[in-house]
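Asks: got a predicted structure plus its sequence, pasted below:
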Amino acid sequence: MRPAGFSLVLAALLAQGCEGGGTPTVAPTPVPNPTPTPVAGVVVGPRTGPTEITFLAAEPLPGSTITGCGKSASGCSGRVSMRFRLLSASGGPVLDAIGFLHATNNLACYRGSTGPLDLRPAVPTEIDIVFDEADAAACGIPATIANMKVVLSAPVQTDGLQEWAIRYELRP
C-alpha cells in the first residue's frame, strides 16, 4: 500500500499537466526511410558488411525471358539494368558498386559497375547498374540467370555485399 502523500503528489502533477501549467515535451520523431515494396521474383539472400544494399527495380522485370541474344552471352549484354539503394550509418567513399548475374552453373554471366561514389551518413543513395559486361565462356545461350550479387569495393566502414535469388531466361 502506498502512503497517502505519494497519491497527493501524483494527483497534483497530473492536475498541473491537465490545466496547461506545463507544456509536454515533444521530441522530434526521425522520418524513417521508406521500405521498398518487395518485388515479385526477387528473394533477399545473405548479406555482409555495414552498408545496407536494397534492390529497388529492374528493367526488364525479374522473371522475364529475354530473346534475341544470338548464340553468345554478349548478344544480351546491356539488356538488363537495375536500381539499388545504399544506406550507410557512417558514410564514406566507395570505389565502385559491382553487380553480378549468375547462371544456374553459379558462374557470373554478366557484370556491371557504377564507378566511385561517396555515401553520406544515414542518407540513402540510389545507384543504377547496367549489366553490360558478358562472360561468354561462363555463360552460353540459352541460359537461366538464377541469382544476383552486389559488392561494394570500399573501406571497412562502408563495404557491403548482398545476394538475391532472381530469375531471367536468356534465349537466342
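Replies: Yes, it's here.
Asks: could you list the low-pLDDT ranges of this protein?
Replies: 1-37 (pLDDT under 70).
Asks: tell me the centre residue of it?
Replies: Thr54 (0.9 Å; Cα atoms, centre = their mean).
Asks: which residues does that one form a beta bridge with?
Replies: Arg85 (DSSP bridges).
Asks: the nearest residue to Leu107 once chain neighbours are set aside: how many residues sit nearby?
Replies: Setting aside the residues directly before and after it, Leu107 is nearest to Ala138 in space (Cβ to Cβ, 6 or more residues apart in numbering), at 3.8 Å. Placement of C-beta: from N, CA and C, glycine included. Number of residues near Ala138 (other Cβ atoms under 10 Å) recorded here: 16.
Asks: next, Ala138: secondary structure please.
Replies: Three-state assignment for Ala138 (DSSP: H, G, I helix; E, B strand; the rest coil): coil.
Asks: mind checking how far the residue nearest to the centre of the chain is from Gln162?
Replies: 8 Å (Cβ to Cβ, to the nearest Å).
Asks: show me the helices in the chain, by range?
Replies: 4-18 (DSSP state H).
Asks: can you get me a residue count around Pro46?
Replies: With other Cβ under 10 Å as criterion, Pro46 counts 9.
Asks: show me what contacts the closest residue to Ala89 other than its chain neighbours?
Replies: Nearest residue to Ala89, sequence neighbours excluded (Cβ to Cβ, 6+ apart): Ala122, at 6.0 Å. Each residue near Ala122 by Cβ atoms under 8 Å, 6 or more residues apart in numbering is listed here: 87-89, 91.
Asks: do Gly99 as well
Replies: When contacts are counted by Cβ under 8 Å, 6+ apart, Gly99 is found next to 82, 84, 111-113, 129, 131, 148-150.
Asks: and it, bridged to which residues?
Replies: Going by DSSP bridges, Gly99 forms beta bridges with Gly112, Val150.
Asks: can you check Ile129 too?
Replies: With DSSP bridges as the criterion, Ile129 is bridged to Met82.
Asks: how about the strands in this protein?
Replies: 43-48, 52-59, 65-66, 81-87, 92-94, 96-103, 108-113, 117-119, 125-130, 133-134, 143-153, 160-170 (DSSP state E).
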